[in-house]
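S.K.: Build me a model from this:
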Amino acid sequence: MAKLNLTSSTTFLYFNDLEGAKRFFAETLGLPTALDQGWACIYRLGERSYLGAVDNAAGSIRRESAGGVLVSLAAEDLQEAHRALQGAWGVEELSEIKRVKDLALESFFFTGPEGYRFEVERFTSGGLRELF
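M.R.: Numbering: from 1, shown residues only. Got it, this is the predicted structure:
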């Protein structure tokens, strides 16, 4: 097995309306900008974890269809996060907070710009709470 010595992680999402995506990540989700290259903007999620929004016409790949991606974000105060997203710009299909007892997990889902699906979660106890 290869030893990659990884140091960070960035997930890139491709958008036809990059300005709308940038507004969503910066204003609606309140993510701090780590780097804005014009055709791509990278937002900080954690110490060395990032989410990038890329212009579909200018990036390394082309997104041909929406779907098949779930961006899962962990939050300390799930109720506060849920309240903040109610009626927020770019947020559609906001679900109620649900509990998954087998995992000691609470979470809710919503759809963001261009059909991307998001989950906001909080593990309530055990090793998963420590991990995430």
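
S.K.: for the helix or strand hosting residue 21, which positions count as buried?
M.R.: Following DSSP states H and E, one finds residue 21 within helix 18-23. For helix 18-23, burial by neighbour count (16 or more other CB atoms under 10 Å) applies to 18, 20, 21, 22. Using the backbone N, CA and C atoms, a C-beta is placed for each residue, glycine as well.

S.K.: What helices and strands are in contact with that helix?
M.R.: strand 40-46, strand 49-55 (3 or more CB pairs under 8 Å, 6 or more residues apart in numbering; DSSP states H and E).

S.K.: would you list the ones you listed in a markdown table and tack on mean pLDDT?
M.R.: Shown next, in a markdown table, are those (pLDDT from 0 to 100):
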| stretch | mean pLDDT |
| --- | --- |
| strand 40-46 | 96 |
| strand 49-55 | 97 |
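
S.K.: Would you mind saying which of those lies nearest residue 112?
M.R.: With CB to CB as the measure, strand 49-55 is the member of the helices and strands packed on helix 18-23 nearest residue 112 (10.3 Å).

S.K.: now the helices and strands packed on helix 18-23 in CSV, with mean neighbour count and distance to residue 102?
M.R.: Shown next, in CSV, are the helices and strands packed on helix 18-23 (neighbours: other CB atoms under 10 Å; distance: least, CB to CB, whole Å):
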stretch, mean neighbour count, distance to residue 102
strand 40-46, 18, 26
strand 49-55, 19, 26
